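*Asks:* Here you go, sequence then predicted model.
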Amino acid sequence: MLALRIARVFDGRAVVEGAGVVFVDGGRIVGVEPAWFAIPTGVEVLDRPSGTLLPGLVDAHVHLVGDGEPGALERLGELSQDDLFSRIERSLRIQLAAGVTTVRDLGDVAWSVVDWRARRPRTGLPTVVASGPPVTSRGGQCRHMGGGTSGSDELRAAVRERAERGADVVKIMTGGGVPTPGSPVDQGRFTAEELALVVRQAHADGLPVTAHAHALVSIRDAIAAGVDGIEHCTCLTSDSVHVPEEAIAALAAQGIVVCPTLGRAPGAVPPPQLMERMHKAGLGYDALRRRVVRAHLAGVTIISGTDGGIGLNTPHGSLPRAVMDLVSGGMDAADALASATSVAARACGLGDRKGRVRTGYDADLVVVDGDPFTDMTALTRLDVTVLGGQVLSSRS
């Protein structure tokens with residue numbers, strides 16, 4: 001048995017008043033006790049008198065096959081399966097070093113993440129929730145990853161294939177993206193009827209659907225189709241950014257989870273095409289963060305994810321910065337931390353065992369040096385990482 005004695009405990013929703021000792025045994029949390037609680041003789045103790053214990057972080061949008069270099073996803077066809085498996089494990093180690101103990105991979109190539117998960121033991125690496133190749137249109141965003149479809153029959157077949165192969169979620173590229181030539185970021189790629197078909201088939205097969213959507217038209221269609229989540233949710237039009245109040249109200253009313261993919265690398269500059277669009281719309285990164293927080297205050301469920309791996313601006317291990325971005329935009333610290341713990345775990349289908357510091361939950365825990373409620377940069381000062389009850393790293 002292990003006891004972690006710390007200054008404060010954030011349980012995934014709030015600081016637990018008076019808690020100061022967390023017990024771990026057999027890969028599970030077996031007790032959350034007051035600071036004065038007498039630790040039995042023979043129990044291993046990790047003392048962190050200035051530390052804050054949190055659930056292990058959950059990055060809800062990554063691409064493990066991406067190496068964070070320019071053209072990361074476009075170069076995947078050059079890699080063998082062994083190369084892809086090595087890259088997946090390297091990406092997971094980087095994530096773990098940032099305190100991330102669970103990731104949701106939203107786009108691989110040739111089923112590499114799903115196959116790696118099935119064939120390789122996960123001991124010592126984060127838990128992986130996976131979509132497989134994103135469903136896209138022929139010629140659409142991420143077409144090189146192998147999920148191109150056209151027409152109702154192919155869309156149904158694509159969803160069934162994901163269910164049969166053991167994917168956990170269907171990712172569909174409802175619109176274009178900046179990195180893909182010929183796939184305008186402000187236009188939709190599927191009709192509302194096609195999106196609704198995908199949602200019905202996925203739900204019948206027991207899978208949630210999350211939609212890549214920068215364009216306002218795609219966001220409206222995704223809402224109408226009843227998707228479970230929207231990635232990015234930028235609300236781009238042909239010449240600006242427009243966030244209709246009715247769209248925000250619908251997202252909140254339908255419980256659609258939004259992952260805005262914040263957490264940009266320090267000094268990062270958006271791609272020139274996006275930079276031009278943002279300049280035209282008068283939208284800087286600070287304004288983007290504030291818009292996300294306004295949506296949160298209007299009742300939209302926000303989770304933290306980084307798009308980690310797709311390029312220099314979004315390296316793996318950026319999740320603490322994504323949480324810091326939410327706080328910089330005006331979000332309460334507890335809500336921002338929840339977006340990367342309990343709320344993200346629930347969105348990933350793991351809310352009954354991850355994302356909380358609660359008896360019976362998986363012992364995926366991190367201790368940071370300091371108090372993130374007074375200084376969110378404490379999230380970058382990782383001190384202790386516990387994964388499945390095992391202490392993987394500790395400064396002393």
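*Replies:* Good, I have the coordinates.
*Asks:* What strand or helix carries the residue nearest to His144 when sequence neighbours are not counted?
*Replies:* Using Cβ to Cβ, 6 or more residues apart in numbering and skipping residues adjacent in sequence, the residue nearest His144 is Glu74, 6.0 Å away. Just so you know, the C-beta spots here come from the backbone N, C-alpha and C atoms, and that holds for glycine as well. Glu74 is part of no helix or strand, with elements assigned from DSSP states H and E.
*Asks:* go on, Val24?
*Replies:* Taking DSSP H and E as the criterion, Val24 maps to strand 19-25.
*Asks:* What strands flank that strand, and is each parallel or antiparallel?
*Replies:* Here strand 19-25 is paired, per DSSP bridges, with strand 2-9 (antiparallel), strand 28-34 (antiparallel).
*Asks:* And the next helix or strand past the last one?
*Replies:* Translated: strand 28-34. Using DSSP H and E, the first helix or strand after strand 28-34 is strand 44-55.
*Asks:* tell me the angle that next one makes with strand 19-25.
*Replies:* Interaxial angle, strand 44-55 versus strand 19-25 (axes from the mean of the first three to the mean of the last three Cα atoms, to 10 degrees): 110 degrees.
*Asks:* helices or strands next to the helix or strand just after strand 44-55 in the packing?
*Replies:* Going down the chain from strand 44-55, the next helix or strand is strand 57-62, by DSSP H and E. Here strand 57-62 touches helix 81-97, strand 100-105, helix 319-328, helix 342-347, going by 3 or more Cβ pairs under 8 Å, 6 or more residues apart in numbering; DSSP states H and E.
*Asks:* at 6 Å what do you get?
*Replies:* strand 100-105, helix 342-347 (3 or more Cβ pairs under 6 Å, 6 or more residues apart in numbering; DSSP states H and E).
*Asks:* for the last one, packing partners?
*Replies:* In other words, helix 342-347. strand 57-62.
*Asks:* mind listing the strands in the stretch 151-300 of the chain by residue range?
*Replies:* Along the stretch 151-300 of the chain, counting by DSSP state E, counting those that start in this stretch, strands occupy 170-173, 209-215, 229-236, 257-259.
*Asks:* Identify the residue nearest the geometric centre of this structure.
*Replies:* Residue closest to the mean C-alpha point of the chain, counted by Cα atoms, centre = their mean, is Ala60 at 1.3 Å.
*Asks:* what sits up against the strand holding Val24?
*Replies:* 1-5, 9, 30-33, 35, 37, 53, 363, 389 (Cβ atoms under 6 Å, 6 or more residues apart in numbering).
*Asks:* where in the protein is pLDDT low?
*Replies:* Low-confidence segments of the chain (pLDDT under 70): 122, 140-141, 143, 177-184, 269-283, 394-396.
*Asks:* Residue most distant from the centroid, it?
*Replies:* Thr41 (39.9 Å).
*Asks:* Ala97 and Leu262, how far apart?
*Replies:* 20 Å (Cβ to Cβ, to the nearest Å).
*Asks:* who has more neighbours, the two?
*Replies:* More neighbours surround Leu262 than the other of Ala97 and Leu262, with 26 against 14 (other Cβ atoms under 10 Å).
*Asks:* residues contacting that one?
*Replies:* So Leu262 contacts Ala322, Asp325 (Cβ under 6 Å, 6+ apart).
*Asks:* and it, how far is that from Gly308?
*Replies:* 11 Å.
*Asks:* The residue nearest to the centre of the chain contacts Ala345, doesn't it?
*Replies:* No - in this structure, Ala60 is not within contact of Ala345 by Cβ atoms under 6 Å, at 8.9 Å.
*Asks:* how about stretch 256-264: buried residues?
*Replies:* For stretch 256-264, the buried set under the neighbour-count rule, 16 or more other Cβ atoms under 10 Å, comprises Ile256, Val257, Val258, Cys259, Pro260, Thr261, Leu262, Gly263, Arg264.
*Asks:* Figure out how far it is from the centre of its chain.
*Replies:* For stretch 256-264, the separation from the chain centroid amounts to 7 Å (computed by Cα atoms, centre = their mean, to the nearest Å).
*Asks:* Over to stretch 130-141?
*Replies:* With Cα atoms, centre = their mean as the basis, the mean position of stretch 130-141 lies at 18 Å from the chain mean.
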